[in-house]
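Asks: here's my sequence, what's the structure:
(2 chains)
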Number of protein chains: 2
Amino acid sequence: MNDPHNIQARALLDLCAGILRNNGLTDRDAHIVANSLVDADLRGVSSHGVLRMETYLQRLNNRVMNATPEVKVFNETAATAVLDGDNGFGQVVSQRAVDVLLAKTKDTPIAAVSVRNSNHFGAAAYWAAQLAEQDLIGVAVSNVEPLMPPPGGAEARIGNNPLSVVVPAQTHRPIVVDMATSVVPLGKILNAKSKGEPIPEGWGLDSDGKPTTVPDEVINGGSLFPVGGPKGYGLAVIVEVLSALLSGGEFGTDIHSMYQELESPNRISHFFMAIKISAFLDPQIFKTSVDRYIDQIKSSPLAPGNDAIYMPGEIELKAKDTNMANGISLPPSVAAGLLTLAKKADVSEELIRSL
Amino acid sequence: MNDPHNIQARALLDLCAGILRNNGLTDRDAHIVANSLVDADLRGVSSHGVLRMETYLQRLNNRVMNATPEVKVFNETAATAVLDGDNGFGQVVSQRAVDVLLAKTKDTPIAAVSVRNSNHFGAAAYWAAQLAEQDLIGVAVSNVEPLMPPPGGAEARIGNNPLSVVVPAQTHRPIVVDMATSVVPLGKILNAKSKGEPIPEGWGLDSDGKPTTVPDEVINGGSLFPVGGPKGYGLAVIVEVLSALLSGGEFGTDIHSMYQELESPNRISHFFMAIKISAFLDPQIFKTSVDRYIDQIKSSPLAPGNDAIYMPGEIELKAKDTNMANGISLPPSVAAGLLTLAKKADVSEELIRSL
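Replies: Presented below is the predicted three-dimensional model:
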C-alpha cells in the first residue's frame, strides 16, 4: 500500500543531500552520504538510516567532522592501500576506499584497503554490496567506540565492531551478512528503556560487569554482551585489528563515542576487501552454485511456527522492494528532526512538503 | 607436575607418526598429520587431538581417504590458487595449501588458496598460526557436514563451519581466534549424554527443529543451534562460500558425516588467506600496537568471580607451555585406542610403553 504519509526514496534522498550540501558538502559527497542512509531505510535498517542525520550535523557544526576532507592514500601497492580519511564523513571516506579497491581489482585477484581517521560509515553491507555487484566477494568492517567488556571484564574495552560480507548469486539476490559482534545493538536497549520494559538476560551488563535486565544499568556505564561470549569477543578483536591496527588508526579506549562525546573527533577505522571470483573459477559457475546452495538451504523443512526460511539479508532486500514501491515510513520524531534541519538548510519548499 | 601417566609430546608425536607411516603415509605426511593432532592436545583442544586417529584410520582402511594423494593445483595466479586434495588427509592437503600460500606472499600482499576434496584438517588455528609466524594475518576456514538448521528450519543444512584468524604480536603471544559457528560443538552434547546430564536450552534442536535439553534428541537427527542465531548462520554460510563454492567443491547436504558415514568420502573444502602486514605498515609498529591493544583489554577491571582476562587463544597457549613441560594427560579410552592401533601398526615397543 502506498501510504500518503510515506516519503518516496527519491524525495528523501534529495532532501538529505540538500541539507548536507547546504552544510558544506560537495554535491557528490552529499549524495554519497544520503544514498547510504536512504538505502538503510529502504532495507528496513532504520538504525543506520536518515535518523543519523541529526548527529552527523551536530558533529559537523561542532567541527569534529570535516565537510570537505582531503582523503590521502598511503603505502599503496597493486593490491593494497592505507587511507587517511581526514575526519570526513564515513561514507565519503568509504566511497573513496571502495573506488580505490575496485580500481585495484582490475589487475589483482584480491585487494584490500585499510582506512583510519574516519567516521560512522552507515551500514557495513552498503559497501560490501557495491563490491559484490562486480563479481567480487565483498568485505567491509569497522571499529567503533568500546561497548563490550572482554569476557571476565567489568568495563567496555572493545567496540561491538560490525562486519559484513556480501556474495553475489545468479538468479537469487546476493547473500548479505551484516552483523554487529554484540548480542544486540545499543539501539535495542534504548528501545526497551523508552517502552519502560526490562531486557532479557544476556543482552547487557551493568557497570560492575554483572548481567542485568534493567536498560538504564546498561546505558549508564554498563556494556553490551558479545554474541556467543568468547566468539563475538574474538570477532570484534579481529575487526579492530584489520581496520584500526592495520591502518595505524586509533583503537579501543582511544575511540570516543559518536553520540555521547559530540565535541571529540570519532577517529574510527574501516577495512574493505575484495576477492575476485574469476581468479578461482568462472563467475557464472560460481554464481550458479550459490543459487543451488541457497535453494538447498531454503528448501529445509520448517520448524514449528515458521512460514519460510530466509538467507542472510533476504528480509532486508524484500523490504527494499516494498519501500521502493510504497515509500519509506519515517517515525514522526525522525521526520520532525529532518524538517528542522531542512528549514535551517534552506531546502526547497517542495521537498520539505514531501516529509 | 610431571605426572608419570602423562605422555611427552615428542613420544606421542613419534607414536602417531609411526602408526600413520605403517598405514601407508610417507614419513613427511605422517609427521604433518601427527604434528597437527599433538599440537591440539598440547593446547588442551583434545577434541581435535589424537583421539581422531581411530576415525582417520577407519576411513583410511575403508579406502574413503587416500594415504598418498596427488594434490593438484589449478587456476593459479600470483595471488591465488585452487587445490584439489585428491581426498588426502586434511592436514596433508592443508600443509600443501599453506606452503603454496606462503610462497605467494613473497611477491604479493594478499594471497588466498581455496581447496576442495579434502578431509578433516584438525584445528583451524594450527594453519592460521603458521601464517602468523611470518608476519602475516592468517585465516583458515573449513566447511563440514550439515549440523545446523537455518533459522526457521527443522533440518540440518549447514555445517557449524569453523573459522580461525591469527594475528602476531610483538612481546605478547599471537591473538588466536578459532571458533565453530554453532553455540557448542557436537562433542559437548556427547559429553552430556555420557554423563547422563541434560543440556542447557539453546544448545540444540530436536529432529522437528524444536529446542531440547535432551542430548539424545540432538544426537539422533537433531541439530546444533548457530551461535547468535542469524549471526552464526551468516558466518557459517560465508565460510562455506569461501571454501567449497570458490573451489568448486562439494557443499551443504552433499557433504557426508566424517563419523557416521565411514564408507563415504568426506569431500570437504578449506580456504586459507594471508594478509601481509608490511604492505600496510611496518610490522614492528603493527605488532607493538597489537601489544598495546592487548594490554588495554587485559587491564580492564574484573567482573565479580573472575581473576584474569584472557585474549582469544591465550588459555590454549598457556596450556601448551604446561603440557610441553609436564606431558599430555590422555583419557584412558584414547590411550587404549592408540595402543591397539600401535600394536597393529608394528610400532616400537619403547614408544608403546610410553603410553
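
Asks: can you name the residues of the stretch 251-355 of chain A sitting close to chain B?
Replies: Applying Cβ under 8 Å from any Cβ of the partner chain, we find that the stretch 251-355 of chain A lies next to chain B at A:251-253, A:273, A:275, A:277, A:279-281, A:285-286, A:289-290, A:293, A:296-298, A:300-304, A:306, A:308-312. For glycine as for every other residue, the C-beta is placed from the backbone atoms N, C-alpha and C.

Asks: could you flag which of those residues are buried?
Replies: A:251-253, A:273, A:275, A:277, A:279-281, A:286, A:289-290, A:293, A:296-298, A:300, A:302-303, A:306, A:309-312 (16 or more other Cβ atoms under 10 Å in any protein chain shown).

Asks: so of the residues of the stretch 251-355 of chain A next to chain B, which ones are in strands?
Replies: A:273, A:275 (DSSP state E).

Asks: which residues in the stretch 101-250 of chain A form strands?
Replies: Taking DSSP state E, counting those that start in this stretch as the test, the strands found in the stretch 101-250 of chain A are A:110-118, A:136-142, A:163-167, A:175-179, A:204-205, A:211-212, A:223-224.

Asks: what strands line up against the third one, and which way round?
Replies: The sheet places strand A:163-167 alongside strand A:136-142 (antiparallel), strand A:175-179 (antiparallel), with pairing taken from DSSP bridges.

Asks: return the most buried member of the ones you listed.
Replies: strand A:136-142 (a mean of 27; mean count of other Cβ atoms under 10 Å in any protein chain shown).

Asks: my guess is residue A:351 contacts residue A:14. True?
Replies: Yes - taking Cβ atoms under 8 Å as the definition, residue A:351 is a contact partner of residue A:14 at 5.7 Å.

Asks: distance check, residue A:22 against residue B:197.
Replies: Using Cβ to Cβ, to the nearest Å, one gets 65 Å for the distance from residue A:22 to residue B:197.

Asks: neighbour count winner among the two?
Replies: Neighbour count, other Cβ atoms under 10 Å in any protein chain shown: between residue A:22 and residue B:197, residue A:22 has more, with 16 against 11.

Asks: near chain B, which residues of the stretch 1-150 of chain A?
Replies: Residues of the stretch 1-150 of chain A lying near chain B by Cβ under 8 Å from any Cβ: A:75, A:77-80, A:82, A:108-112, A:114, A:137, A:149-150.

Asks: are any of these buried, and if so which?
Replies: A:75, A:77, A:79-80, A:82, A:108-112, A:114, A:137, A:149-150.

Asks: okay if I get the residues you listed as TSV plus pLDDT?
Replies: Output for those, formatted as TSV (pLDDT from 0 to 100):
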residue	pLDDT
A:75	93
A:77	97
A:79	98
A:80	98
A:82	98
A:108	96
A:109	97
A:110	98
A:111	98
A:112	98
A:114	98
A:137	98
A:149	95
A:150	96
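
Asks: out of those, who's nearest residue A:336?
Replies: Nearest to residue A:336 among those, counting by Cβ to Cβ, is residue A:149 at 36.1 Å.

Asks: any idea how far residue A:202 is from the closest residue to chain B within the stretch 101-250 of chain A?
Replies: Of all residues in the stretch 101-250 of chain A, residue A:209 sits closest to chain B, at 2.9 Å by Cβ to the nearest Cβ. Remark: distance between residue A:209 and residue A:202 (Cβ to Cβ) = 14 Å.

Asks: compare these two (neighbour count), which wins?
Replies: Using other Cβ under 10 Å as the criterion, residue A:209 and residue A:202 rank with residue A:209 on top: 24 against 14.

Asks: so who does that one touch?
Replies: By Cβ atoms under 8 Å, 6 or more residues apart in numbering or on different chains, the residues touching residue A:209 are A:149, A:153, A:154, A:155, A:223, B:301, B:302, B:303, B:304.

Asks: might you report the residue contacts of the first one?
Replies: Spelled out, that is residue A:149. Residue A:149 neighbours (Cβ under 8 Å, 6+ apart): A:155, A:156, A:157, A:158, A:205, A:209, A:223, B:300, B:303.

Asks: what's the lowest-pLDDT member of those residues?
Replies: Least confident of those in the model: residue A:209, at 84.

Asks: beta-bridge partners for the residue nearest to residue A:97 when sequence neighbours are not counted, please?
Replies: Spatial nearest neighbour of residue A:97, chain neighbours left out: residue A:113 (4.6 Å); criterion: Cβ to Cβ, 6 or more residues apart in numbering or on different chains. For residue A:113, the beta-bridge partners are residue A:81, residue A:272 (DSSP bridges).

Asks: just the pLDDT at residue A:113, thanks.
Replies: Listed pLDDT for residue A:113 reads 98.
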